[in-house]
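Novice: Pasting a predicted model and its sequence here:
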Amino acid sequence: MNPAHPEQKLAARLSSVTPSVTLVISQLARRLASQGRDIINMSSGELDFDTPQHIQDSAFTAMQVGQTRYTDVGGTAELKASIIEKFARDNHLAYSAKQIIASTGAKQIIFNAFLATLDAGDEVILNAPYWVSYPDMIRLTGAEPVAVVPAPHEGFKLTPASLAAALTPHTRWLLLNSPGNPSGALYSTDELRALAEVLKDYPRVLVMSDDIYEHIVYEGEFVSFATAVPEMADRTLTVNGVSKTYAMTGWRLGFAGGPEWLIAALAMLQSQSTSCPNAIAQAAAIAALDGPQHLLAEWCHRLRRRRDSALNILRQSPDLSVETPPSAFYLFVGCEKLLGKTTPTGKTLNSDLDVAEYFLEHGGVAVVPGTAFGMAPYFRLAYSIADEDVNRACQLMVNACEALL
Ligand SMILES: Cc1ncc(COP(=O)(O)O)c(C=O)c1O
């Protein structure tokens, strides 16, 4: 990212963005694949399933009937109606159209929400291990991410005590992500209410509930923050989208419900940046939200089988430690016992980045080092790939552990 001419430069704000640790792994994976190596990619956060046929059909129809132009900034009235219905059906949340926005993925909503509300010196509390994009989005606004690293017995979750310790007069947001990426942790109603109790003394603090993995739950029950704590709905932004639920990551369609003033600010930013979400993806999202939902249970069933066989295989290695995550499609695996060991080529593993590089070079499996998620030494693997690849990749990692000295 260095400009060719010395007088050309990038904006100072870009210096706050940390280069991605995952880049090292994806570059190495590409290099090995280009050399003809068989690489199993467990680093990507998306389902391998096809977008269901009825959703694809609605996109074709939308194009054929001319729904190919700009729409209202925050999404069409029809899509907003489907989102309102989804929030009522799944989450018992009642929003009006003015409290709803659709955007180019949940990612755009999260970024714009920070951009609209954060100034230099503000703070956002988030729960490590966290989704890699949150801290950089926060830093780009001039604000500071405040990551709380849970103790081992806390199940990768915030507690009232750890939240209270992180709150300061500068806190603007509490960012919750349940089901969590990468941990798969799921907050219960009681846990959310206990966190809300702490927030009562901080009326300035907004709550972002990133519910993008809502429908990928195997044990326990998903509950959104505003559902658990209705008295704080007026300061909660409930973020969701079609990416993970309906295997639609590439369609780029996310949505949110929240207080009118905040939704209006998000729409203003969107109006001057992307104009509106993709019109064809909006039509597809209506079909996804209004259409049959039985596929989700089938997918969860298949994902749970993959999770369980991945766990069974990985637990054969005494060097890896992994809890059973109740939700999402990742395993966050502890690899502390591998540190200090030596690879067959004589390299000592000093960090989870070294471990990820070793798995890739020795085993041909791409995973993401925990450092990228603010918690080390761990690695994240996504089991949202074909069953046989999940099994083969996990066995290759166990073999790779055994090959260490
Ligand atoms: C926790 C979390 N939030 C949000 C997103 C973004 O989703 P979208 O595809 O809707 O932008 C992701 C994608 O990986 C995610 O893991």
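Specialist: Looks like it arrived, so ask away.
Novice: Let me know the distance separating the residue in the chain that the ligand sits nearest to from Ser178.
Specialist: Closest to the ligand within the chain is Gly105: 2.6 Å, counting by CB to the nearest ligand atom. C-beta: built from backbone N, CA, C; applies to glycine. Using CB to CB, to the nearest Å, one obtains 19 Å as the distance from Gly105 to Ser178.
Novice: What about Leu174, how many residues nearby?
Specialist: Neighbour count for Leu174, taken as other CB atoms under 10 Å: 28.
Novice: surely Tyr330 meets Pro179?
Specialist: No. At 9.4 Å, Tyr330 does not count as touching Pro179 under the criterion of CB atoms under 8 Å.
Novice: What segments of this structure are helices?
Specialist: 21-34, 53-64, 77-91, 105-117, 133-140, 160-166, 189-199, 225-228, 260-271, 279-290, 294-314, 352-358, 387-402 (DSSP state H).
Novice: Distance to Arg13 and mean neighbour count added to the ones you listed, as CSV?
Specialist: Converted to CSV, the helices of the chain look like this (distance: least, CB to CB, whole Å; neighbours: other CB atoms under 10 Å):
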stretch, distance to Arg13, mean neighbour count
helix 21-34, 20, 15
helix 53-64, 36, 15
helix 77-91, 32, 19
helix 105-117, 11, 22
helix 133-140, 6, 20
helix 160-166, 25, 16
helix 189-199, 29, 18
helix 225-228, 30, 23
helix 260-271, 16, 18
helix 279-290, 29, 23
helix 294-314, 38, 16
helix 352-358, 26, 24
helix 387-402, 38, 19
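Novice: so what's Tyr95 up against?
Specialist: Ile83, Ile84, Phe87, Gly257 (CB atoms under 8 Å, 6 or more residues apart in numbering).
Novice: I misspoke; the intended subject was Val355.
Specialist: So Val355 contacts Cys335, Leu338, Leu339, Leu349, Pro369, Pro377, Phe379 (CB under 8 Å, 6+ apart).
Novice: For these, pick the one with the most neighbours.
Specialist: Ranked by the number of neighbours (other CB under 10 Å), the contacts of Val355 place Phe379 first, at 31 neighbours.
Novice: beta partners of it?
Specialist: Beta-bridge pairing for Phe379 (DSSP bridges): Val333, Pro369.
Novice: Show the pLDDT at it.
Specialist: On the pLDDT scale, Phe379 is placed at 98.
Novice: ditto for Gln108
Specialist: Residue-level pLDDT assigned to Gln108 equals 98.
Novice: So for it, what's the nearest residue that isn't a sequence neighbour?
Specialist: Nearest residue to Gln108, sequence neighbours excluded (CB to CB, 6 or more residues apart in numbering): Gly254, at 6.5 Å.
Novice: Return the set of residues that bridge with that neighbour.
Specialist: Under the criterion used (DSSP bridges), Gly254 bridges to Ser103, Gly241.
Novice: just checking, it touches Thr104?
Specialist: Yes. Assessed by CB under 8 Å, Gly254 is found in contact with Thr104 at 7.2 Å.
Novice: one step back: dump the contacts of Val355 into CSV; add distance to Glu221 as well.
Specialist: Shown next, in CSV, are the contacts of Val355 (distance: CB to CB, whole Å):
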residue, distance to Glu221
Cys335, 31
Leu338, 35
Leu339, 37
Leu349, 39
Pro369, 32
Pro377, 32
Phe379, 28
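Novice: How about the contacts made by Glu388?
Specialist: Glu388 neighbours (CB under 8 Å, 6+ apart): none.
Novice: Please renumber the chain so that the first residue is 10 from this point on.
Specialist: With 10 as the first residue, the last one maps to Glu397.
Novice: so how far is Ala409 from it?
Specialist: For Glu397 relative to Ala409 (CB to CB), the value is 18 Å.
Novice: what does Pro161 give?
Specialist: 25 Å.
Novice: now Asp398
Specialist: 16 Å.
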